[in-house]
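Participant: Here's my sequence, what's the structure:
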Amino acid sequence: MRSLTSRSFTTVVKTALLTSATVISLSGAVQAQTAPFAPVEVEIEGRIQYMDATGRTMTVMGTVIHVPSDAKISTPTNPNISWTDAVTGNLPGKPMGFLNGTAIVIGESDGVKVTASDISLNPEENVALGYITQNSGGTLKLDGMEIVLMPPRAGTNSFPANKSPFDPRVPGNPLKNDFGFPLARNSIVPGTPVAAEGWWSDEDSKLYLWDLEVTGGEITNPTVPKISILRAQCRQRAPNDIELEVRGATYMGTTASPAAGIEIFRVAGNGLARFVYPINVTSVPDAEDGRFALYRVDARLTNAQTGSQAGDGCPATIAARLLDPNTRRPVTTTNANGAIVNIQATSDVDNRID
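Facilitator: From the prediction side, this is the model:
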């Protein structure tokens, strides 16, 4: 092994010193970058620790989030609630309201503060799958656990009746089967498989539900055709480019085949707006329950195709209309006022950033 000469040793030392100086210089440059930084989009999901009513801030997992007046605030079953409603306590069975629940926050961070543009509040997401073991005496149980489905709107009753007041912040979805169609309450007998979603109350020792999905049961108004939207999602890939996914089911009443045509619409103002290039599909009979048929839409659309202005992006609400599979004309029914109306369903769209 060759030994270092005086000259080579000096070169090594100089190189080391220069490298050290470079590192110090780079470290100084990094430290010079102080907030605020260029704003970036953020998504935070976690436990709600604090809500400041007057300061319009909330703390989620230690991050303080500023809530401007134009931020959209929603719950699992209400697409638009106010900040005042959000910070008000006393949800059924939860005296502290949304505190200690979960928030999904989409917004912007500059390294100094996070400002929300969209907040989804969840009182506490508890899910139970199993069998109904009691539906009698004003008590409904899932594998021995008492459950109650909250009223869907003012003036209606919980299931079982008189077990929960109506709360507009988190109304209950109508009792339905796994195809999305309403059911008769007395048809939910012991042995019926169900999926329940809501929040557990230590105060009342029961699960308050915003959704109860049933396998089986008897459909209400079984002679009337129906359509449902089980899922509606949209992703904006570019200012003029979206991906739209819609899934649902059809039921054609006394008609032999459950297959039907479906047209998808944007909801605009108080009415429906047809896409410039109509989105039409046909439902396919379900392999396990021949009373129903399933449909799915996967569309990649530009604004020119959707009929929106440039950069409008994903629709907030979508509608599905039932069509006769042969004539492709709308299927109609008579409403409570005696008017003939088209059979259709609407749903808020889950706009995703991933």
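Participant: What distance do you get for the residue nearest to residue 231 when sequence neighbours are not counted to residue 237?
Facilitator: In space, residue 231 comes closest to residue 247 once its chain neighbours are excluded; the distance is 4.3 Å by Cβ to Cβ, 6 or more residues apart in numbering. Quick note: C-beta positions are derived from backbone N, CA and C, even for glycine. Distance from residue 247 to residue 237, counting by Cβ to Cβ, to the nearest Å: 20 Å.
Participant: What of residue 351?
Facilitator: Counting by Cβ to Cβ - residue 351 and residue 237 are separated by 12 Å.
Participant: More neighbours: which of residue 247 and residue 237?
Facilitator: The neighbour comparison of residue 247 against residue 237 (other Cβ atoms under 10 Å) goes to residue 247, with 17 against 10.
Participant: quick one: contacts for the more buried one?
Facilitator: Counting by Cβ atoms under 8 Å, 6 or more residues apart in numbering, residue 247 touches 229-232, 294-297.
Participant: what's the answer for residue 95, then?
Facilitator: 89, 203 are the contacts of residue 95 under Cβ under 8 Å, 6+ apart.
Participant: in the stretch 201-350 of the chain, which spans are strands?
Facilitator: Secondary structure of the stretch 201-350 of the chain (DSSP state E, counting those that start in this stretch): strands located at 206-214, 226-238, 241-251, 261-268, 271-282, 284-285, 293-302, 317-323, 332-334, 340-342, 344-348, 350-352.
Participant: out of those strands, which comes closest to residue 73?
Facilitator: Closest approach to residue 73 among the strands of the stretch 201-350 of the chain is made by strand 344-348 (13.5 Å; Cβ to Cβ).
Participant: and the closest one, which strands flank it?
Facilitator: strand 317-323 (antiparallel) (DSSP bridges).
Participant: Give me the residues contacting the partner strand.
Facilitator: In contact with strand 317-323 (Cβ under 8 Å, 6+ apart) are residues 225-229, 232, 244, 246, 248, 250, 260-267, 272, 280, 295, 329-331, 342-349.
Participant: need the strands of the stretch 201-350 of the chain in TSV with mean pLDDT, can you?
Facilitator: Putting those into TSV (pLDDT from 0 to 100) gives the following:
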stretch	mean pLDDT
strand 206-214	96
strand 226-238	92
strand 241-251	93
strand 261-268	90
strand 271-282	85
strand 284-285	96
strand 293-302	91
strand 317-323	94
strand 332-334	93
strand 340-342	94
strand 344-348	92
strand 350-352	81
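Participant: Pipe the ones you listed into a markdown table and attach distance to residue 128 per row.
Facilitator: Compiled in a markdown table, the strands of the stretch 201-350 of the chain are given as follows (distance: least, Cβ to Cβ, whole Å):
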| stretch | distance to residue 128 |
| --- | --- |
| strand 206-214 | 7 |
| strand 226-238 | 20 |
| strand 241-251 | 23 |
| strand 261-268 | 32 |
| strand 271-282 | 33 |
| strand 284-285 | 30 |
| strand 293-302 | 25 |
| strand 317-323 | 29 |
| strand 332-334 | 35 |
| strand 340-342 | 37 |
| strand 344-348 | 24 |
| strand 350-352 | 23 |
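Participant: Buried only: go through the contacts of residue 247 for me.
Facilitator: 229-230, 232, 294-295, 297 (16 or more other Cβ atoms under 10 Å).
Participant: For residue 243, see how far away the residue nearest to residue 117 when sequence neighbours are not counted is.
Facilitator: In space, and not counting its chain neighbours, residue 117 is closest to residue 107: 5.0 Å by Cβ to Cβ, 6+ apart. Taken as Cβ to Cβ, the spacing of residue 107 relative to residue 243 amounts to 22 Å.
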